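[1] can't give you the sequence, but here's the structure:
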């Protein structure tokens, strides 16, 4: 079974292409499940991203949303300049209020991860309570150690 780092969303910068007043992108990365990011409107596509202070080879996303306010189809995208993105995963979110986990194969280090939402469950703005991103833990010199693929 793969072992992952803890959540790496710490100390970076959260942005989106539009947020409802009082519900900024940073709410989705603050570790508080009670508040949320809300999209500015109900017409996808839209995105929310996190710029990390270091680069990692991300392989896991955990996301929490609200029933009937969830994204439907979305992509996880990586970038090192905040403008040119590579698709890492295309998938769908289940319409429930539970944490959902998504994994993919990746060895490329990125300093930006964007959740690019192409459709939503209901024709209303989406709510994202929390987003967490992780990388693999790896074995180093024959013993298990922490290596989040940093450069």
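    That came through, no problem. Fair warning: this is a prediction, and the values are worked out from it, not measured in the lab.
[2] and the spatially most central residue of the chain, what does it touch?
    The residue lying closest to the centre of the chain (CA atoms, centre = their mean) is residue 131, at 5.0 Å. Contacts for residue 131 were tallied using CB atoms under 8 Å, 6 or more residues apart in numbering; they are 9, 28, 29, 48, 50, 61, 62, 63, 64, 115. From N, CA and C alone the C-beta is placed, and that goes for glycine too.
[3] tell me which element it is part of?
    Applying DSSP states H and E as the criterion places residue 131 in strand 127-135.
[4] strand partners of that strand, parallel vs antiparallel please.
    Sheet pairing of strand 127-135 (DSSP bridges) gives strand 37-38 (antiparallel), strand 58-65 (antiparallel).
[5] Can you tell me which of these is most buried?
    Mean neighbours per residue, mean count of other CB atoms under 10 Å, is largest over these for strand 37-38, with a mean of 24.
[6] so how far is that one off the chain centroid?
    Distance, stretch centre to chain centre, for strand 37-38: 13 Å (CA atoms, centre = their mean, to the nearest Å).
[7] Understood, closing this out.
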